[in-house]
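J.: can you look at this prediction? I've put the sequence above it.
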Number of protein chains: 4
Amino acid sequence: MGDLKYEKEITALLVIDPYNDFISEGGKVWDRLKAVAEANNCVPHMVHVLNAARKGSFRVFYALHHRYRPGDYETWKYIAPIQKAAWSHKTFEYGTWGGEIRREFEPQPREIVAQEHWCSCGFANTDLDLQLKKHGIHQLIVIGLIAHTCVEATVRFAAELGYEVTMVKDATASYSDEHMHAALDVSMPNYASAIVTTNEVVHSISSL
Amino acid sequence: MGDLKYEKEITALLVIDPYNDFISEGGKVWDRLKAVAEANNCVPHMVHVLNAARKGSFRVFYALHHRYRPGDYETWKYIAPIQKAAWSHKTFEYGTWGGEIRREFEPQPREIVAQEHWCSCGFANTDLDLQLKKHGIHQLIVIGLIAHTCVEATVRFAAELGYEVTMVKDATASYSDEHMHAALDVSMPNYASAIVTTNEVVHSISSL
Amino acid sequence: MGDLKYEKEITALLVIDPYNDFISEGGKVWDRLKAVAEANNCVPHMVHVLNAARKGSFRVFYALHHRYRPGDYETWKYIAPIQKAAWSHKTFEYGTWGGEIRREFEPQPREIVAQEHWCSCGFANTDLDLQLKKHGIHQLIVIGLIAHTCVEATVRFAAELGYEVTMVKDATASYSDEHMHAALDVSMPNYASAIVTTNEVVHSISSL
Amino acid sequence: MGDLKYEKEITALLVIDPYNDFISEGGKVWDRLKAVAEANNCVPHMVHVLNAARKGSFRVFYALHHRYRPGDYETWKYIAPIQKAAWSHKTFEYGTWGGEIRREFEPQPREIVAQEHWCSCGFANTDLDLQLKKHGIHQLIVIGLIAHTCVEATVRFAAELGYEVTMVKDATASYSDEHMHAALDVSMPNYASAIVTTNEVVHSISSL
């Protein structure tokens, strides 16, 4: 599925959770992602796609998970398991290195950082959909972490909201090949109009 | 994960897509679901949970996929793969037997049927969240079809919206054990606070 | 404010609640709207704009209030005053003449009818935003009823969601000049990018 | 309309935009609000309600307008008039005194500050609805600024989302009596289940 055509005016790159805690040596979750991420060159691929998008003057958006702050969850009556985990591990702790975006992915001027989301979906309870509409975007190219949680959730809901999605399958990672398979082979073919390699998508957007 | 406590006033059963096309002999998708559904007694389990919920006077809600009508998709500029498939197969065709709810699951008075959704998530672009709030519901017990598409999408987004979810793992089905595994073992443990059997959930709600 | 330029591909007409109960002699609410609606030629103006949009091949969407059905509200724990009123008056009763669209506004093939909404906003808990995105729409021309409830609610939220709105001020009506003033002069100048007459908007879209 | 009963567990105070730019001498918009705000004792009333809510251990939430930051609007293709105004006036400029919350309304621990919104509605494109659900809230008592823009937008949409709303009519202000009338007398009686004075609401919640 690599034959999607992009119209520059309505296409954006969406970068999901490029936090140090996920994709930098020493990050809280890196050890769980490392095997898959190193095997598929996830981080260099993410950089490659981002640079191609910037060079081609595509709009770039960031969907970021809520960074942990004290007091976030103490008063909640209802909490999902993944939120309990974020609470106990203080993932992406605000004010710490782990809660910073890895250097190569630092948003530049005229790039849009959506409000932080609370669970996995970059659209849920945030301004991501608004920001995409304010910029006239209808097609999304998606890279980032983690394949079977935030990435899958955001790809699924992008389709629910009417966006045409391209997933870059070697610019994401997860805990195991089994997790990658669940996200990329079982779920996403229903929602992403194209599931392509970094080389394929860079080729497509560089020719526009 | 079977130790969730339910408060009757704020708990509802959510029944997803009990259409003939999915769960009745002769339905358009039944042949693809049959092996898993018969192996885990999906339909009898769904009936068992529904009857227990009705007997216990729990609120019952229905999240239903859009029933195909001519003209639905012809004018769309953007369409997801799962919507293309629904278009070409005319799944749940309005006015046909396949687009009717299987007899045992026919909504009764004082049960709430949410507006039909267009992709997989029962909440997206519908009044399901509103109806749950209008009835003061915060906890959802989920049964229905298909595990890795509509059910997973709805469970995921219920968590995004703040609901506490129980998934009944033998009252759902999918195309293969691999699909069931992706939905029930890889994805849902992040979003569902409990993943239980029919016997467990019926026991829990019958004791209230 | 009449200098808005429209791009045909991204512009749609949005027709709000052209029900017999609102705009036909004998309708349940017509007597309260009649004085304003006849003074400003509301219905002929609505027809004029609709015909111009159809002739110009602009997309047409309908945002419709929920039609009353028995059982709608009996189980709700929370209800807004305007919903209580809809319940007690059975406004737009399903299956009755009052709940039908006035003949001149009957949706035609390739026109989109969004799901019915429960309060006043055509976007809230419906698929209107999705349908607009599926058709690539960013600019809305709004006509219909009632100026200070459903129309104002929908114009306000269209702006919240990122749409560029034109309000046609003599193709709407309300209970009194005071109600018209509150909607058209106090509220909408904040949210509608243009507030124009029927003649102005017909001139603009006919020249494209 | 002052006979609403509150259940403490499901009731919250919602404070809208208590920024210095709105309600402090020297704020950018204060001169336009001053006449109405001083006539009805808006700020002392807001403090009175807030203190009563805190004393009664009611949950307190804050719905805040986006604070201006450079780069916010430059890349938008579509912009509403009220957003153009915010851009040109740099209202609530981030990092300045005007963009700070007036001292008496500084959020305390265990009070919830929703994400900033981009237009007028505290719910649109934010996590306010999620946070209310996470705390089990169904009834809202609303105070703050400005009556006919952010307050009306938030009250209207609270009703759309299923919340039961009480508006405190002398703990808000606007540009003129005419604007107050449009918001409080024309619009809100459709959406707010009670429209009461500070004394009435303080009496009600203090007795629980």
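T.: All right, it came through fine.
J.: quick check: the gap between the closest residue to A:Lys8 other than its chain neighbours and B:Ile79.
T.: Ranked by CB to CB, 6 or more residues apart in numbering or on different chains and with sequence neighbours excluded, the top spatial neighbour of A:Lys8 is A:Leu208, at 5.2 Å. (Each C-beta comes from the backbone N, C-alpha and C, glycine too.) A:Leu208 is 22 Å from B:Ile79, where distance means CB to CB, to the nearest Å.
J.: now the strands for chain A?
T.: With strands called from DSSP state E, chain A shows them at A:11-16, A:59-63, A:112-113, A:139-145, A:164-173, A:194-196.
J.: the ones you listed into TSV, with extra columns for mean pLDDT, mean neighbour count and distance to chain D?
T.: Shown next, in TSV, are the strands of chain A (pLDDT from 0 to 100; neighbours: other CB atoms under 10 Å in any protein chain shown; distance: least, CB to the nearest CB, whole Å):
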stretch	mean pLDDT	mean neighbour count	distance to chain D
strand A:11-16	98	26	11
strand A:59-63	98	23	8
strand A:112-113	98	20	7
strand A:139-145	98	27	15
strand A:164-173	98	26	18
strand A:194-196	98	22	25
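J.: with distance to chain C added, can I get the ones you listed in TSV?
T.: Shown next, in TSV, are those (distance: least, CB to the nearest CB, whole Å):
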stretch	distance to chain C
strand A:11-16	13
strand A:59-63	14
strand A:112-113	13
strand A:139-145	11
strand A:164-173	10
strand A:194-196	18
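J.: how close does A:Asn41 get to chain D?
T.: Distance of A:Asn41 to chain D, given as CB to the nearest CB, to the nearest Å: 31 Å.
J.: again, but for A:Pro109
T.: Noted for A:Pro109: a distance of 6 Å to chain D, by CB to the nearest CB.
J.: cool, A:Trp76 as well?
T.: Taking CB to the nearest CB, one finds A:Trp76 at 4 Å from chain D.
J.: hang on, that residue packs against D:Lys134?
T.: Yes: the pair A:Trp76 / D:Lys134 is scored as a contact, 4.4 Å apart, by CB atoms under 8 Å.
J.: okay, these two: which has more neighbours?
T.: Counting neighbours by other CB atoms under 10 Å in any protein chain shown for A:Trp76 and for D:Lys134 shows that D:Lys134 has the greater number, 22 against 19.
J.: OK, contacts around the more buried one?
T.: A:Trp76, A:Lys77, A:Tyr78, A:Ile79, B:Gly162 (CB atoms under 8 Å, 6 or more residues apart in numbering or on different chains).
J.: which one of those is nearest B:His48?
T.: Set against B:His48, the nearest of the contacts of D:Lys134 by CB to CB is A:Tyr78 (26.4 Å).
J.: okay, now that closest one: neighbour count?
T.: Per other CB under 10 Å, the neighbour tally for A:Tyr78 reads 18.
J.: check A:Trp97 too.
T.: Residues near A:Trp97, counting by other CB under 10 Å, number 13.
J.: so it sits right up against A:Asn20, yeah?
T.: Yes: counting by CB under 8 Å, A:Asn20 is a contact partner of A:Trp97 at 5.5 Å.
J.: what residues are shared contacts of these two?
T.: In contact with both A:Trp97 and A:Asn20: A:Gly26, using CB under 8 Å, 6+ apart.
J.: which ones are touching A:Phe105?
T.: Shown in contact with A:Phe105 (CB under 8 Å, 6+ apart): A:Val15, A:Pro18, A:Met46, A:Val47, A:Leu50, A:Tyr62.
J.: dump the strands of chain A to CSV, plus distance to D:Leu184.
T.: Shown next, in CSV, are the strands of chain A (distance: least, CB to CB, whole Å):
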stretch, distance to D:Leu184
strand A:11-16, 42
strand A:59-63, 39
strand A:112-113, 37
strand A:139-145, 42
strand A:164-173, 44
strand A:194-196, 52
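J.: do you know which of the ones you listed lies nearest A:Glu104?
T.: The nearest among the strands of chain A, by CB to CB, is strand A:11-16 at 10.5 Å.
J.: hey, C-alpha coordinates of the closest one in CSV?
T.: Listed next in CSV are the C-alpha coordinates belonging to strand A:11-16 (Å, rounded to 0.1, in the frame of the first residue of the first chain):
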residue,chain,number,x,y,z
THR,A,11,-0.9,17.2,3.8
ALA,A,12,1.0,17.3,7.1
LEU,A,13,3.5,15.3,9.0
LEU,A,14,2.3,14.2,12.5
VAL,A,15,5.0,13.4,14.9
ILE,A,16,3.9,11.4,18.0
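J.: for the longest helix along chain A, packing partners?
T.: Taking DSSP state H as the criterion, chain A has its longest helix at helix A:42-55. Using 3 or more CB pairs under 8 Å, 6 or more residues apart in numbering or on different chains; DSSP states H and E, the elements in contact with helix A:42-55 are strand A:11-16, helix A:20-23, helix A:30-39, strand A:59-63, strand A:139-145, strand A:164-173, helix A:198-206.
J.: and of the ones you listed, who's closest to B:Tyr175?
T.: strand A:164-173 (20.5 Å).
J.: list the strands paired with the closest one, with their directions.
T.: Using DSSP bridges, the strands paired with strand A:164-173 are strand A:139-145 (parallel), strand A:194-196 (parallel).
J.: okay, those in a markdown table with distance to A:Lys34 next?
T.: What follows is the strands paired with strand A:164-173, written out as a markdown table (distance: least, CB to CB, whole Å):
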| stretch | distance to A:Lys34 |
| --- | --- |
| strand A:139-145 | 12 |
| strand A:194-196 | 23 |
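J.: A:Phe61 and A:Ala12 touch, don't they?
T.: Yes: between A:Phe61 and A:Ala12 there is a contact at 5.4 Å, judged by CB under 8 Å.
J.: now the common contact residues for the two.
T.: Listed contacts common to A:Phe61 and A:Ala12 are A:Leu132, A:Ile137; contacts here mean CB under 8 Å, 6+ apart.
J.: about what we covered before: ok, A:Leu208 and B:Ile79, which is more surrounded?
T.: B:Ile79 (17 against 12).
J.: apart from its chain neighbours, what residue comes closest to that one?
T.: B:Ile79's closest residue in space is B:Tyr73 (CB to CB, 6+ apart), at 6.2 Å.
J.: what's around that neighbour, how many residues?
T.: Here the number of neighbours of B:Tyr73 (other CB under 10 Å) works out to 16.
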